[in-house]
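> Give me a 3D structure for the following:
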Amino acid sequence: MKKLILIIWILFPLLMMSQKDNNYFTITGKIPNNPIFNQIDQLVLYSIKSDKNFVPIDSIQLSADKNFHWKIPFNAPLIYHLKAKNFAKVYMVIDKAETLTLNFSSTKGKGKLSIANSIGNDQLQWFLNKLEQLQIDYFEELKPQMEKAIEQKQEAKIEELQLEVARLFPLFVADLHKAVDTLGTSAAAFAALGHIDANKGRNIIESITEKFQSKVPHWTLSKILDQRLAAFKGLNIGALAPTFKLPSLEGDMIALSQFRGQYVFIDFWASWCLACRAENPKWEKIHQKYKGKEFSIIGIGVKDDLERWSKAIKKDELHYLQLSALNSTVPKRYLISSLPQNILLDKEGKIIAKNIKAKELEKRLENLLKR
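You can find the predicted model right below:
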């Protein structure tokens, strides 16, 4: 009996140590002897607090030998940023108490930091690879055909390709949904949702959020997803569209409020977006048909180069108002993370339709402008 008690007392500290380690994740590494990294004397860790908002929670001063073994409390899966002076932040998906390695590399005189041995980061990378492959599988063959049709202004061919994209898109979304489902309720699944369009993939985001709500409602990530869904509701049909003031090509500041009393169609687009360019001539035709009849079209350039965007406007012969949101938070407020996107507003500035095609827009205008 005494021998058994002795064994228990010997094992007890080891068990406690194991339990203690389960409450931490660890970041290890050594800064190389390279002038590029000599300026790094401190690492700062940020954790996500609300949607896309990170706050500093811990830091470590590096010793003279530049080795570090940094233990951080682990309570639940979470997203972190790791930052060193004058270097880009390192994105960290932490799903469990584990030991990660901070790697240092340099190319052409520029230094880079990256994380290795992270299960969460590896899972996120798997998802991003899957997303890229799905885009290739479903749409890559259509891309050169669309480029040619747009260049040669083959309206019938453009229409045919658009119908094919419309047929394939629900299948693409279904496969994308399966990919996110594979990640379960994890920090990696949360991170994956950040790469899904909030408008076009909303059913995926809602489905995964419900999983988090039912299984891990106490997690910070679950609460952030709840907040994200609440923000989506601000762009539902019937909601008042977010206000904005943006510069035109001529440099004039134009406010959305100037169009009260008119139906307004807002098209978010970019010069590199083939689907956008395919629709541009159709919006121009509608503009010519309904201009001056209590209706306006506003094109908003996003995620683009100003010169390329301006050239595309001229090439596509667009005469309706064009505003630049290339250095603006407006796309974020409209949840624009992929293109094309559009929205139709009533005379009071309320949303009455989203992501509609030219034929549907024209049909709606025929009914609305008869009133």
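> Am I right that residue 351 is in contact with residue 235?
Yes. Residue 351 lies in contact with residue 235 (CB atoms under 8 Å); the separation is 6.6 Å. All C-beta atoms are positioned from the backbone trio N, CA, C, and that covers glycine.
> Please enumerate the shared neighbours of these two.
residue 241 (CB atoms under 8 Å, 6 or more residues apart in numbering).
> where does residue 65 land in three-state SS?
coil (DSSP: H, G, I helix; E, B strand; the rest coil).
> Next, the buried residues of stretch 299-306.
Using 16 or more other CB atoms under 10 Å as the test for burial, stretch 299-306 gives 299, 300, 301, 302, 303, 304.
> and it, C-alpha only, in CSV?
These are the backbone C-alpha positions of stretch 299-306, laid out as CSV (Å, rounded to 0.1, in the frame of the first residue of the first chain):
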residue,chain,number,x,y,z
GLY,A,299,-20.6,52.5,-60.9
ILE,A,300,-18.2,52.1,-58.0
GLY,A,301,-14.6,51.0,-58.7
VAL,A,302,-13.2,48.7,-56.0
LYS,A,303,-10.0,46.6,-55.6
ASP,A,304,-8.4,48.1,-58.7
ASP,A,305,-5.7,50.4,-60.1
LEU,A,306,-7.0,53.9,-60.8
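> Now tell me what touches that stretch from outside.
Defining contact as CB under 8 Å, 6+ apart, one finds that stretch 299-306 is touched by 246, 266-272, 280, 283, 309, 313, 318, 320-326, 330-331, 336, 339.
> wait, is residue 296 part of a strand?
Yes. Counting by three-state DSSP, residue 296 is found in a strand.
> tell me which residues form a beta bridge with it?
Note on residue 296: beta-bridge partners residue 264, judged by DSSP bridges.
> Quick check, pLDDT for it.
Model confidence at residue 296, given as pLDDT, is 97.
> Residue 68 versus that one, what's the distance?
For residue 296, the distance to residue 68 equals 58 Å [CB to CB, to the nearest Å].
> Helices of the chain, start to end?
In the chain, the helices defined using DSSP state H lie at 2-21, 119-139, 142-151, 155-182, 187-193, 202-215, 220-233, 274-290, 306-315, 330-333, 358-368.
> Mean confidence (pLDDT) on the first one, please.
Taken as a whole, helix 2-21 has a mean pLDDT of 44.
> Poorly predicted segments of the chain, please.
1-22, 371 (pLDDT under 70).
> domains for this structure, by residue range?
According to automatic domain parsing, the chain comprises the domains 21-101, 122-233, 245-368.
> which one of those lies closest to residue 112?
With CB to CB, the closest approach to residue 112 among the domains of the chain belongs to domain 21-101: 7.4 Å.
> Would you check how far apart residue 37 and residue 102 are?
Residue 37 is 11 Å from residue 102, by CB to CB.
> Would you mind telling me which of the two has more residues around it?
The residue with more neighbours, out of residue 37 and residue 102, is residue 102; 21 against 18, by other CB atoms under 10 Å.
> which parts of stretch 150-168 are buried?
150, 157, 158, 159, 161, 162, 164, 165.
> Kindly reformat those residues as TSV containing distance to residue 94.
TSV is the format used below for the buried residues of stretch 150-168 (distance: CB to CB, whole Å):
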residue	distance to residue 94
150	44
157	49
158	46
159	48
161	43
162	42
164	41
165	37
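> Quick check: residue 144 vs residue 332, distance?
For residue 144, the distance to residue 332 - CB to CB - is 32 Å.
> I misspoke; the intended subject was residue 84.
Distance from residue 84 to residue 332, by CB to CB: 27 Å.
> With residue 191 instead?
Taken as CB to CB, the span from residue 191 to residue 332 is 18 Å.
> now do residue 259
Applying CB to CB to residue 259 and residue 332 gives a distance of 21 Å.
> who's more crowded, those two?
Ranked by neighbour count (other CB under 10 Å), residue 259 and residue 332 place residue 259 first, with 19 against 14.
> and the closest residue to that one other than its chain neighbours, what is it in contact with?
The shortest distance from residue 259 to any non-neighbouring residue, by CB to CB, 6 or more residues apart in numbering, is to residue 296 (5.5 Å). Neighbour list for residue 296: 259, 262, 263, 264, 265, 320, 321 [criterion: CB under 8 Å, 6+ apart].
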